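> Okay, here's the prediction I keep looking at, along with the sequence it came from:
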Amino acid sequence: MEFQGDEAGLSSAGVNFIAAGGTLANLVAAAIAAALLRRRSDRGNARTLFVWLFATINLLQATGYLAYSGVSNIGDWAKVVHGLTPRWIWRGALCLVGGGTYWLAARWAMSQLGRRLTQRGPLRVAEANRYTLSAYVVGGLLVLLAGLFEPGGALIVLISGLAASLGGTSALVWGPQLLHDERLGEPQGQPLGIARDWRWIAAGGVAAAVFICVLGRGLPLGAFFNATPTAPNVRP
């Protein structure tokens, strides 16, 4: 989420907290989803896949954003460390922490998925790809379509939306290769058995429409905060 508003009355700590808010929200959401996933260890239906995907994407985007800001000096965490010296140390720290935690997040996600697959060896990797690649492509398309309505222009879509979606979730593309290691995610519990379910398809269609047509345009929150017409907006 991108927040735009008047920061004149805020302390520097408050401004940094807002900048870090997206990542913090991702981590909280991932923690809740991971706890739910643990409770569903004996189930292999579409709900389990949804919870796994929700936890995975939130973890990848949270950890990947640290590395992205460190490398590019763009984005929320570049703002958090702005003014801290020496700058190269702080940017390097973002790269190291982000890269390291991203790798751990990818291994955790593939381990959780591997436990719920039916195949072994190369077939296990192919089975995992069926779940991850479709999510990666659809997620990228949704962000791109929502970005067409972005009031801030195409640049924000390119450096924020697409970078976070396609770059931040890139482990969905290369992560299944980790499952060549049979020790990662040894099968446990009920394997996934995903059948076509029109209830999930309908729910996904409604969520996509809201994401593109409502959140894509931004939410003017000035009425809630008694702000001026240049009110804060929250956008995807």
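Thanks, I have it. Residues are numbered from 1 along each chain as shown.
> This protein: strands as residue ranges?
When assigned using DSSP state E, the strands of the chain occupy the ranges 2-4, 219-220, 233-235.
> Out of these, which gets the lowest mean score?
Taking each of these in turn, the one with the lowest mean pLDDT is strand 233-235, at a mean of 44.
> any weak-confidence spans in the chain?
In the predicted model of the chain, residues 1-3, 152-156, 158-161, 164, 189, 222-236 satisfy pLDDT under 70.
> where do the helices sit along it?
Chain-ordered helices for the chain, with DSSP state H as the definition, fall at 12-39, 46-72, 76-80, 87-114, 122-147, 154-156, 171-174, 198-210, 222-225.
> What residues of stretch 208-225 count as buried?
Residues of stretch 208-225 classed as buried under the neighbour-count rule (16 or more other Cβ atoms under 10 Å) are I212, G216, G218. To be clear about C-beta, it is placed using only N, CA and C from the backbone, and glycine gets the same treatment.
> distance of S111 from E150?
Spatial separation of S111 from E150 under the definition Cβ to Cβ, to the nearest Å is 36 Å.
> V214 now?
Between V214 and E150 the distance, using Cβ to Cβ, works out to 13 Å.
> check contacts around the nearest residue to I194 once chain neighbours are set aside.
Closest residue to I194 in three dimensions, ignoring its sequence neighbours and counting by Cβ to Cβ, 6 or more residues apart in numbering: A46, at 5.4 Å. With contact set as Cβ atoms under 8 Å, 6 or more residues apart in numbering, A46 has these partners: I194, A195, D197, W200.
> run the last query once more with 7 Å
The contact partners of A46, by Cβ atoms under 7 Å, 6 or more residues apart in numbering, come to I194, D197, W200.
> That one and G70, how far apart?
For A46, the distance to G70 equals 37 Å [Cβ to Cβ].
> cool, and F149?
From F149 to G70 the distance is 30 Å (Cβ to Cβ).
> Of those two, which one has the most company?
Taking neighbours as other Cβ atoms under 10 Å, F149 and G70 compare with G70 leading, 22 against 16.
> Wait, the more buried one touches I89, no?
No - with the criterion set as Cβ atoms under 7 Å, G70 and I89 do not qualify as a contacting pair; they are 10.7 Å apart.
> I'd like the buried residues of stretch 208-225 written out as a markdown table, with distance to L141 added.
Written out in a markdown table, the entries for these read as follows (distance: Cβ to Cβ, whole Å):
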| residue | distance to L141 |
| --- | --- |
| I212 | 10 |
| G216 | 13 |
| G218 | 20 |
